[in-house]
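# predicted model, plus sequence, below.
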Amino acid sequence: MKMIDLRSDTVTQPTAAMREAMFRAEVGDDVYGEDPTIKALEEKGAALLGKEKALFCPSGTMSNLVALLTHLQPGNEFIIDYRSHIYQYEVGGCAALAGAIPHTARGDRGHLGVRNIEAAIREENIHYPETKLVCLENTHNLAGGTVMPMAQLADVSACAKEHGLKIHLDGARLFNAATALHLPASEITQYVDTVNICLSKGLAAPVGSLLCGTEEFIIKARKKRKMVGGGMRQAGFLAAAGIVALEDMTGRLAEDHALAQKLALGLAAIPGVVLDPAQVETNIVKIDLVAGLDAGEIVSQLKADYGVLCGTAGKNSIRFVTHYQIDAADIDVAIQGIKELLVVKMKALS
Ligand code: TLP
């Protein structure tokens, strides 16, 4: 049985062009600043995102952590949506390693607004930690791949500036947001001080993220990356794939979005599934199940009976992510599998 892996866009395999580029990469010791391929990737990434400099990190988690370590002092507070990856899925590194306090707020479909930020900022008081940073996520993973509206981002940016706060954007899927908005990524990143982008999700590189910001920030961040063990040596082999990711893969994400829309339309028509396809903006489809259906059970059965892999997102929800290695026929199999499973389960419920 062919396996159809919709668990995440992180499962993408490197393309033939990436393998070729990795094989041919010129490399050196990057801790000595001597890897030409890493330098080329960092320059390309910084230019693409309209920032002065970039830093190649092994993962999105480390890139976000290094950003927090560089922006914040222990005891500082940062404002963040309660469902964001940094808060939910990075093993508490913000607290354990950066010593910072997340001040969580409930964004609109994952995206903070001016009201959230103004309500969270601390006034001067001897008892309070200092608020220093706002963290955004675009697209927002747990909210279902939602895109932050540009007007909201511009307002949040103006508000942060007015209050002397910096903004870090977790843009693990920034190019998905840019694709959905029909804008260059730099239009989005002009509103933030620092940004993390992931090369190893929809862009299909095997490893790596870029943290981008001012030259001054990246010099400090490079030292923090070393501190957490992220100083790499001949990692130009990985950066070579990252360059291909930026050159070849950012322009094709609309295909993933179209497949996600096809999946959403198919799933929304199945009794037992709660989903509004209009809410699916990029490559993530999150469905809720009616009461009495167990997401974990359905995920296991889909795998066993149809070879369709997906993930639970809580007891009652399932997440599907489309990507480079998924095609329309795979989506048809997934829809058919869920339909057949749910017919049986819904009968048992009634
Ligand atoms: N997300 C992964 C899992 O960790 C959940 C996924 O399958 O979606 N920011 C965002 C918004 C992310 O979605 C992820 C990974 C990261 C950061 C972390 O990136 P890595 O996995 O490279 O550390």
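Yep, that arrived. Residues are numbered from 1 along each chain as shown.

# report how many residues lie close to residue 32.
9 (other CB atoms under 10 Å). For glycine as for every other residue, the C-beta is placed from the backbone atoms N, C-alpha and C.

# what ranges does the stretch 1-150 of the chain have for its helices?
16-24, 36-48, 60-71, 85-88, 93-96, 114-120, 150-162 (DSSP state H, counting those that start in this stretch).

# got it, and the stretch 151-300 of the chain?
So, for the stretch 151-300 of the chain - with DSSP H, counting those that start in this stretch - the helices run 174-181, 185-189, 215-227, 236-244, 253-268, 295-306.

# that older thread, mind putting the helices of the stretch 1-150 of the chain into CSV with distance to residue 232?
Formatted as CSV, these follow (distance: least, CB to CB, whole Å):
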stretch, distance to residue 232
helix 16-24, 14
helix 36-48, 8
helix 60-71, 11
helix 85-88, 22
helix 93-96, 19
helix 114-120, 35
helix 150-162, 32
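
# what residues does the stretch 1-150 of the chain have near the ligand?
Residues of the stretch 1-150 of the chain lying near the ligand by CB under 6 Å from any ligand atom: 8, 10, 59-61, 85, 89, 137, 141.

# now, of the residues you listed, which are buried?
8, 59-61, 85, 137, 141 (16 or more other CB atoms under 10 Å).

# OK, contacts around the residue of the stretch 101-250 of the chain found nearest the ligand?
Closest to the ligand within the stretch 101-250 of the chain is residue 172: 3.4 Å, counting by CB to the nearest ligand atom. Contacts for residue 172 (CB atoms under 8 Å, 6 or more residues apart in numbering) come out as 60, 85, 137, 141, 196-198, 201, 209.

# in strands, which of those appear?
Residues of these located in strands (DSSP state E): 137, 196-198, 209.

# what's the closest of the contacts of residue 172 to residue 246?
Using CB to CB, residue 197 is the member of the contacts of residue 172 that lies nearest residue 246, at 8.9 Å.

# so the closest one is in contact with residue 49, correct?
Yes: counting by CB atoms under 8 Å, residue 49 is a contact partner of residue 197 at 7.0 Å.

# neighbour count: the two, which is higher?
Neighbour count, other CB under 10 Å: between residue 197 and residue 49, residue 197 has more, with 30 against 25.

# state the pLDDT value of that one.
pLDDT, the model's per-residue confidence, is 98 for residue 197.

# if I look at it, how far off is residue 122?
30 Å (CB to CB, to the nearest Å).

# thinking again about what came up before, overlap in contacts of residue 197 and residue 49?
The contact sets of residue 197 and residue 49 overlap at 174, 185, 210, 212 (CB under 8 Å, 6+ apart).

# tell me the contacts of the closest residue to the last one other than its chain neighbours?
For residue 212, the nearest residue in space outside its immediate sequence neighbours is residue 51; the separation is 3.9 Å by CB to CB, 6 or more residues apart in numbering. Shown here is residue 51, whose contacts under the criterion CB under 8 Å, 6+ apart are 189, 194-195, 212-214.

# ok, residue 42 next?
Per CB under 8 Å, 6+ apart, neighbours of residue 42: 53-56, 210, 239.

# distance check, it against residue 246.
Relative to residue 246, residue 42 is positioned 11 Å away (CB to CB).

# so how many other residues sit close to residue 130?
Neighbour tally, residue 130, other CB under 10 Å: 14.

# pLDDT at it, what is it?
Residue 130 carries a pLDDT value of 96.

# and the residue nearest to it when sequence neighbours are not counted, how many neighbours?
In space, residue 130 comes closest to residue 76 once its chain neighbours are excluded; the distance is 5.5 Å by CB to CB, 6+ apart. For residue 76, the count of nearby residues is 17 (other CB under 10 Å).

# my guess is residue 76 contacts residue 122. True?
No: counting by CB under 8 Å, residue 76 stays clear of residue 122, with 10.5 Å between them.

# gap between the residue in the stretch 51-200 of the chain that the ligand sits nearest to and residue 172?
Closest approach between the stretch 51-200 of the chain and the ligand, counting by CB to the nearest ligand atom: residue 60, at 2.6 Å. According to CB to CB, residue 60 stands 5 Å off from residue 172.

# got any residues that touch both of these two?
With CB under 8 Å, 6+ apart as the test, residue 60 and residue 172 both reach 85, 196, 198, 201, 209.
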